[in-house]
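A.B. asks: next comes the sequence, and after it the predicted model I'd like to discuss.
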Amino acid sequence: MMKKLWFKRKLYGWWRYPVSWEGWVTTLVYAGLLIGLASTIDENSTNREVALIFILPLIILTAAFIRIASQKGEKPKWQWGKRKED
């Protein structure tokens, strides 16, 4: 039984793009959370606040997003043009 893919390989380059509603929801939630995190930072934020409130969560969210995309998508590889059968 073939698993349903949320992300497929790009035609040119590296990585994946969403192809199912689950992939799009995951991508939009990730982007929304990043925008929300970015909105907590202003010119009065100290370096410590930026590190703890923005950078650390950014790293954790990005790692989680990459893990989900890796588990729910095609195996990544560099590609330039039409796919050849693996």
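C.D. replies: Yes, it's here. Numbers count the residues shown, from 1 in each chain.
A.B. asks: assign a three-state SS to the most centrally placed residue in the chain, would you?
C.D. replies: When Cα atoms, centre = their mean is applied to the chain, the residue found nearest the centroid is F65 (4.3 Å). For F65, the assignment made with DSSP: H, G, I helix; E, B strand; the rest coil gives helix.
A.B. asks: what's the separation between W78 and L56?
C.D. replies: 31 Å (Cβ to Cβ, to the nearest Å). (Glycine included, C-beta is placed from N, CA and C.)
A.B. asks: again, but for S70
C.D. replies: Distance from S70 to L56, by Cβ to Cβ: 21 Å.
A.B. asks: repeat for R48
C.D. replies: 11 Å.
A.B. asks: the two: who's more crowded?
C.D. replies: L56 (12 against 8; other Cβ atoms under 10 Å).
A.B. asks: which secondary structure state is assigned to the more buried one?
C.D. replies: With three-state DSSP as the criterion, L56 reads helix.
A.B. asks: list the buried residues of the longest helix anywhere in the chain.
C.D. replies: Assignment by DSSP state H gives helix 21-38 as the longest helix of the chain. Within helix 21-38, the residues that count as buried by 16 or more other Cβ atoms under 10 Å are 23, 26-27, 30, 34, 37.
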